[in-house]
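K.L.:
here's my sequence, what's the structure:
(chains A, B, C and D)
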Number of protein chains: 2
Amino acid sequence: MSDVEPPWWTPRKTTTRRSLSREAIVDAALKLLRAEGVEGLSMRRVAGELGTGQASLYAHVANKDELLELLFDRVVADVPLPEPDPQRWYEQTFELWTAAHAALLRNGDIARVALARVPLGPNALRLSETAMTIMLGGGVPPRAAAWALDVVGLFVSASAVEDAIGAELNKRGRDPGEYYAAVAGYFADLPAERFPRLVEHSAELASGERDARFRFGLSMLLAGLAAQARRD
Amino acid sequence: MSDVEPPWWTPRKTTTRRSLSREAIVDAALKLLRAEGVEGLSMRRVAGELGTGQASLYAHVANKDELLELLFDRVVADVPLPEPDPQRWYEQTFELWTAAHAALLRNGDIARVALARVPLGPNALRLSETAMTIMLGGGVPPRAAAWALDVVGLFVSASAVEDAIGAELNKRGRDPGEYYAAVAGYFADLPAERFPRLVEHSAELASGERDARFRFGLSMLLAGLAAQARRD
DNA sequence: ACCCCTTGTCGAACACTGTTCGTTGACGAA
DNA sequence: TTCGTCAACGAACAGTGTTCGACAAGGGGT
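P.N.:
Sure, this is the predicted structure:
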């Protein structure tokens, strides 16, 4: 845990005098998030979870937006960070982002908030610093490393959101994989004369192997990075 | 224009008997979207734009989600699609997605809806079919092409969302680039003993050259694809 | 020409949302 | 003991997506 915080997070220096605290609020929000997703997370319900009124939350948290940022950073805290080893920069980068992806998936929708605002909380910063150290140690030029941080982060978050949506739709349906099957069927039933490729490859287009698809995308990105690293 | 539509879009076969129409609604929504973003797009305001009551919209559109999907597909309609040429598959792929990115950016926030639901509207399908044709013609294996379609689409949408947020924050501020400067400043002012790399490369981390960053990310991805294409 | 009945329009209402206001009441310092 | 501060919180405000039910206008069948 680091005590660095973005300047727009309301500072909470005073020890709480009563029952509520920022931590308790984030805890309650996290519980709701896992159960219902970002959509079902309202200030009233968080307050209800804590057995208090909604207005009370605003003494500890400026905003719903701020609460979501705190929540996101709490989730990022669970990503294990490796000790950078220049010999294994590629593997370590791969593992770091795979772990981040997994942590996001463990918490429903939460990746949405990463796409709505660049994550600059203390734990996101620790992760960024580690990722930069690994890439720079591996010989990736600074500008490429800095930009790649953004690009890969974007991809990881977007993937997590997509996977969370699929998981949610599957949960609502009867059988596991029902949603992916429906998408594949939709592709397969398109008019073949107009969409020959989509029809022909409908199976691959909708194949629900989330992890394999994620690793494929991450490999695509890191292949580009490795090429940059070798050039210098 | 293609007349293929996902089965869950309410079919509107009958010619409109009165003033309202699906097209008019999407037009009004598009106008609002450009002016205020997805956030400021409510059914009431769309209805107000058309001088009618909010309930009237539901005769032409199942719900707000469907309206957003229609809106997204309308935006995708503006992406110019090249005639596939196997000799130039890499360039064509690059150009196609750059054009898609630009079309999204021209319409504020709209990329958000692509991340909230896999886009399967008629124009998104035409774009997908073209992208597949180009990649397959260039020798990319089918499964890699199918997965890359998803991965690159995710990246393009996520980039567009991030850029739209930056653009919005800059618009709110006094000077152009104010937001990026603030982020760079935040990085630069971090405690150097804890975040040495982030502090050292704060300039690159927040550099606001949107297009260059986007092209960099797209290159990273396509480098991975090109490696796959050569392998076969 | 008549009537019916389908179908688009739309005001009102419902159940929510995030946030603010003003009051209450308990604690720590003097 | 008294005072002032501040977390707690009920109520209200302005907004949201959506549904219901009433209304009216045309076209099709008789």
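
K.L.:
now the helix ranked longest in chain A: buried residues?
P.N.:
For chain A, the helix reaching the highest residue count under DSSP state H is reported as helix A:142-172. The neighbour-count check on helix A:142-172 (16 or more other C-beta atoms under 10 Å in any protein chain shown) flags A:142-168, A:170 as buried. Where you see a C-beta, it was placed from the backbone N, CA and C, and this is true even at glycine.

K.L.:
one more: stretch A:94-114?
P.N.:
A:94, A:96-101, A:103-105, A:107-114.

K.L.:
among these, which lie within helices?
P.N.:
Reading helices off the buried residues of stretch A:94-114 with DSSP H, I get A:94, A:96-101, A:103-105, A:111-114.

K.L.:
coming back round to it: centre of the chain to the helix or strand just after the longest helix of chain A, how far?
P.N.:
Next along the chain after helix A:142-172, taking DSSP states H and E as the criterion, comes helix A:178-188. With C-alpha atoms, centre = their mean, to the nearest Å as the basis, helix A:178-188 stands 25 Å off its chain's centre.

K.L.:
touching chain B at all, helix A:178-188?
P.N.:
Yes: judged by C-beta under 8 Å from any C-beta of the partner chain, helix A:178-188 comes into contact with chain B at A:183, A:186.

K.L.:
other residues contacting that helix?
P.N.:
A:166, A:169-170, A:173, A:198-199, A:202-203, A:205-208, B:6-7, B:118, B:120 (C-beta atoms under 8 Å, 6 or more residues apart in numbering or on different chains).

K.L.:
out of the residues you listed, which comes closest to DNA strand C?
P.N.:
residue B:7 (18.9 Å; C-beta to the nearest atom of the strand).

K.L.:
in stretch A:206-219, which residues are buried?
P.N.:
Quick answer for stretch A:206-219 (16+ other C-beta under 10 Å): A:206-208, A:210, A:213-214, A:216-219.

K.L.:
confidence-wise, which of those residues comes last?
P.N.:
Least confident of those in the model: residue A:208, at 71.

K.L.:
work out for me the element that residue sits within.
P.N.:
Short version, using DSSP H and E: residue A:208 is in no helix or strand.

K.L.:
same thing with residue A:72?
P.N.:
Per DSSP H and E: helix A:64-76 holds residue A:72.

K.L.:
next up, the contacts around residue A:65.
P.N.:
Contacts of residue A:65 (C-beta under 8 Å, 6+ apart): residue A:117.

K.L.:
scratch that, residue A:228
P.N.:
A:140-141, A:144.

K.L.:
and the angle for the helix or strand hosting it with helix B:142-172?
P.N.:
Secondary-structure assignment from DSSP H and E places residue A:228 in helix A:210-231. Orientation check (axes from the mean of the first three to the mean of the last three C-alpha atoms, to 10 degrees): helix A:210-231 against helix B:142-172 gives 80 degrees.

K.L.:
got the CA coordinates for stretch A:189-203 in PDB?
P.N.:
What follows is stretch A:189-203 as a C-alpha-only set of coordinates in PDB (Å, rounded to 0.1, in the frame of the first residue of the first chain):
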ATOM      1  CA  ASP A 189     -27.400 -17.300 -40.300                       C
ATOM      2  CA  LEU A 190     -26.300 -14.100 -42.100                       C
ATOM      3  CA  PRO A 191     -26.900 -14.000 -45.900                       C
ATOM      4  CA  ALA A 192     -23.900 -15.800 -47.300                       C
ATOM      5  CA  GLU A 193     -23.900 -13.900 -50.500                       C
ATOM      6  CA  ARG A 194     -23.300 -10.600 -48.700                       C
ATOM      7  CA  PHE A 195     -21.200 -11.700 -45.800                       C
ATOM      8  CA  PRO A 196     -19.300 -14.800 -47.100                       C
ATOM      9  CA  ARG A 197     -16.300 -14.500 -44.700                       C
ATOM     10  CA  LEU A 198     -18.400 -13.900 -41.600                       C
ATOM     11  CA  VAL A 199     -20.600 -16.900 -42.400                       C
ATOM     12  CA  GLU A 200     -17.700 -19.200 -43.200                       C
ATOM     13  CA  HIS A 201     -15.800 -18.300 -40.000                       C
ATOM     14  CA  SER A 202     -18.800 -17.800 -37.700                       C
ATOM     15  CA  ALA A 203     -17.400 -20.400 -35.300                       C
END
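
K.L.:
buried residues in it?
P.N.:
Those would be A:190, A:195, A:197-202, for stretch A:189-203 by 16+ other C-beta under 10 Å.

K.L.:
tell me which two of these sit farthest apart.
P.N.:
Using C-beta to C-beta, the buried residues of stretch A:189-203 span at most 11.4 Å, a distance reached by A:190 and A:201.

K.L.:
need the overlap of contacts for those two.
P.N.:
Shared contacts of residue A:190 and residue A:201, counting by C-beta under 8 Å, 6+ apart, come down to nothing at all.

K.L.:
what about the helix holding residue A:72, near DNA strand C?
P.N.:
Yes: Helix A:64-76 reaches DNA strand C (C-beta under 7 Å from any atom of the strand) through A:64-65.

K.L.:
so how far is that helix off the chain centroid?
P.N.:
11 Å.

K.L.:
what does stretch A:215-227 give?
P.N.:
Distance, stretch centre to chain centre, for stretch A:215-227: 18 Å (C-alpha atoms, centre = their mean).

K.L.:
secondary structure class for the residue with the largest distance to the centre of chain A?
P.N.:
In chain A, the residue that sits farthest from the middle, by C-alpha atoms, centre = their mean, is residue A:193; the gap is 39.0 Å. Secondary structure of residue A:193, reduced to three states by DSSP: H, G, I helix; E, B strand; the rest coil: coil.

K.L.:
distance check, residue A:122 against residue A:67.
P.N.:
Here residue A:122 is placed at a distance of 16 Å from residue A:67 (C-beta to C-beta, to the nearest Å).

K.L.:
show me which of these two is the more surrounded one.
P.N.:
Each of residue A:122 and residue A:67 has its neighbours counted (other C-beta atoms under 10 Å in any protein chain shown); residue A:67 has more, 22 against 19.

K.L.:
pLDDT wise, what is the spatially most central residue of chain A at?
P.N.:
Residue closest to the average C-alpha location in chain A (C-alpha atoms, centre = their mean): residue A:111, at 3.6 Å. At residue A:111, the model reports a pLDDT of 97.

K.L.:
dump the residue contacts of it.
P.N.:
A:104, A:156-158, A:160-161, A:164.

K.L.:
find the nearest non-adjacent residue to it, please.
P.N.:
Leaving aside its sequence neighbours, residue A:111 sits nearest to residue A:160 (C-beta to C-beta, 6 or more residues apart in numbering or on different chains; 3.6 Å).

K.L.:
just checking, residue A:176 touches residue A:170?
P.N.:
Yes: using C-beta atoms under 8 Å, residue A:176 is in contact with residue A:170, at 5.8 Å.

K.L.:
ok so, going back, which members of the contacts of helix A:178-188 additionally contact DNA strand C?
P.N.:
Within those, nothing lies near DNA strand C by C-beta under 7 Å from any atom of the strand.

K.L.:
sorry, back to before: and the contacts of residue A:111, which is closest to residue A:73?
P.N.:
Closest to residue A:73, out of all of the contacts of residue A:111 and judged by C-beta to C-beta, is residue A:104, at 12.3 Å.

K.L.:
wouldn't the closest one be in contact with residue A:158 here?
P.N.:
No: using C-beta under 8 Å, residue A:104 is not in contact with residue A:158, being 10.5 Å away.
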